[in-house]
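Colleague: Coordinates only, no sequence provided:
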């Protein structure tokens, strides 16, 4: 069963630090989590110093306040949790999925962000697939058909994962017409 997912992260060309993750399984189950580490130094400063993240990602998180240069994460929100809880929730979500296939759009960094929940990639538990299928490659293989417009919030990890599922179902419908 496919699991569509998206991550939002801070990266500097050397490291990738998870901000949030959204997962949607084909059976309708969903998971959304925000890394509580973005509320504290040094990650908070790193995120605040990235204008793109401040404009496109941070407004979609559970916040107490937000300006163009800083934000106050609502750490009392049930979706805000430490990385170890995110790791455990993701592992359980995948374990509860028969024959899991991971799918993400432009998946390379998403897979690294996911794998780093356990530390090194070799530390991933055996039930977690060692790769993520890339939706963008599949779209290219099929001739780059036009997808339906995204109606959810762009750069919100769960909304993006939901849209990925909708897009994949749309592509599957197109393929069935060609057969």
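Modeller: Happy to help now that I have it. Nothing here was measured: the structure is a model prediction, and the numbers come from that model. Residues are numbered from 1 along each chain as shown.

Colleague: contacts, neighbours, all on C-alpha from now
Modeller: Noted.

Colleague: Run through who's touching the top helix by length along the chain.
Modeller: Determined from DSSP state H, the single longest helix within the chain is helix 157-178. With contacts defined as CA atoms under 8 Å, 6 or more residues apart in numbering, helix 157-178 is touched by 4-8, 20-24, 26, 30-32, 104-105, 135, 139, 147-148, 150-154.

Colleague: Report the buried members of the residues you listed.
Modeller: 4-8, 20-24, 30-32, 104-105, 135, 139 (16 or more other CA atoms under 10 Å).

Colleague: Please give me every residue in contact with residue 10.
Modeller: Counting by CA under 8 Å, 6+ apart, the residues that residue 10 touches are 16-19, 46-47, 53.

Colleague: and if we set it to 7 Å?
Modeller: Listed by CA atoms under 7 Å, 6 or more residues apart in numbering, the contact partners of residue 10 are 16-19, 47.

Colleague: from those, which ones fall inside strands?
Modeller: For the contacts of residue 10, the ones inside strands are 16-19, with DSSP state E as the criterion.

Colleague: got a markdown table for these, with pLDDT too?
Modeller: Rendered in a markdown table, the data for the ones in strands among the contacts of residue 10 read as follows (pLDDT from 0 to 100):
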| residue | pLDDT |
| --- | --- |
| 16 | 96 |
| 17 | 97 |
| 18 | 98 |
| 19 | 98 |
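
Colleague: of the residues you listed, closest to residue 122?
Modeller: Within these, the smallest distance to residue 122 is 16.9 Å, found for residue 16 (CA to CA).

Colleague: For the residue nearest to the closest one when sequence neighbours are not counted, name its beta-bridge partners.
Modeller: In this structure, residue 16 finds its nearest non-sequential neighbour in residue 10, 5.8 Å apart by CA to CA, 6 or more residues apart in numbering. For residue 10, the beta-bridge partners under DSSP bridges are residue 17.

Colleague: So which of the ones in strands among the contacts of residue 10 is the closest to residue 57?
Modeller: Nearest to residue 57, judged by CA to CA, of these is residue 19 at 8.8 Å.

Colleague: what stretches of this structure score poorly on pLDDT?
Modeller: 175-179 (pLDDT under 70).

Colleague: Show me the helices in it, by range?
Modeller: So, for the chain - with DSSP H - the helices run 43-48, 51-56, 83-95, 107-115, 135-141, 157-178.

Colleague: Show me which positions of the third one end up buried.
Modeller: Right, helix 83-95. Residues 83, 86-87, 90-91, 93-94 are the ones in helix 83-95 that count as buried (16+ other CA under 10 Å).
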